[in-house]
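[1] Structure for the following, please:
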Amino acid sequence: MKAVLQRVRRGRVSVDDRTVAEIGRGLVILVGVGQGDTESEARWLAEKCAVLRMFEDAEGKINLSVKDIEGEAIVVSQFTLHADTRKGRRPSFIKAADPKIAEPLVTQFAEHLAVQGVPTQLGVFGAHMLVEIENDGPVTILLERTPVAGKT
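    All right, here's what the predicted structure looks like:
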């Protein structure tokens, strides 16, 4: 499972010109579910996202988490994070999980993030979304948790 965390001053997701999620200061998190991912990866990533120090303290040092600043999050499913571009010019997405597996895991990720104390909204799985990100810094971090064979 992969997550791209973007520190934002504001973020918004629209589908068909209708706003489905909107936040102020916090994180817009793009989540890609890969083959073999389970709730274990979703939980680990959510817990990491909640406490990862991405925000500046009073001294300008990146010492605060989204929880520390009482920020919010938008979670957007993005299977293209699992693109394989090693051959040719067209990305392959065969490493991305089937939507029947990916959708519940994205929802579980968002639920685990909310349990950590981060108010969380979701984009619309499988929809064509307009994602507006006012990246602050810019600060963008990639997290990845791969499944451990034989463990769930």
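[2] so where is this structure shaky, pLDDT-wise?
    Counting by pLDDT under 70, the chain has low-confidence residues at 148-152.
[3] for it, which helix is longest?
    Ranked by residue count under DSSP state H, the longest helix found in the chain is helix 99-115.
[4] Now do the buried residues in it.
    Judged by neighbour count (16 or more other CB atoms under 10 Å), helix 99-115 contains these buried residues: I101, A102, L105, V106, Q108, F109, A110, E111, H112, L113, A114. Using the backbone N, CA and C atoms, a C-beta is placed for each residue, glycine as well.
[5] Same question for stretch 22-30.
    In terms of neighbour count (16+ other CB under 10 Å), stretch 22-30 has its buried residues at I23, R25, G26, L27, V28, I29, L30.
[6] how long is it from one end to the other?
    With CA to CA, to the nearest Å as the measure, stretch 22-30 spans 15 Å from end to end.
[7] Which residues does the longest helix of the chain contact?
    Contacts with helix 99-115, where a contact means CB atoms under 8 Å, 6 or more residues apart in numbering, come from 1, 3, 29, 31, 33, 37-39, 41-43, 45-47, 49-50, 73, 75, 77, 79, 96-97, 120-122, 125-126.
[8] try stretch 35-52
    Residues from elsewhere that reach stretch 35-52, judged by CB under 8 Å, 6+ apart: 1, 3, 5, 27, 29, 31, 65-67, 73, 95-97, 101, 105-106, 108-113, 115-118, 141, 143, 145-148, 151-152.
[9] 7 Å instead, please
    With contact meaning CB atoms under 7 Å, 6 or more residues apart in numbering, stretch 35-52 is reached by 1, 3, 5, 27, 29, 65-67, 95, 97, 105, 108-109, 112-113, 116-118, 141, 143, 145, 147, 151-152.
[10] Just the buried ones from those?
    Here the buried ones among the contacts of stretch 35-52, as counted with 16+ other CB under 10 Å, turn out to be 1, 3, 5, 27, 29, 65-67, 97, 105, 108-109, 112-113, 116, 118, 143, 145.
[11] How far off centre is the helix or strand that the longest helix of the chain is followed by?
    For helix 99-115, the following helix or strand on the C-terminal side (DSSP states H and E) is strand 120-122. Here strand 120-122 shows a centroid-to-chain-centroid distance of 10 Å under the convention CA atoms, centre = their mean, to the nearest Å.
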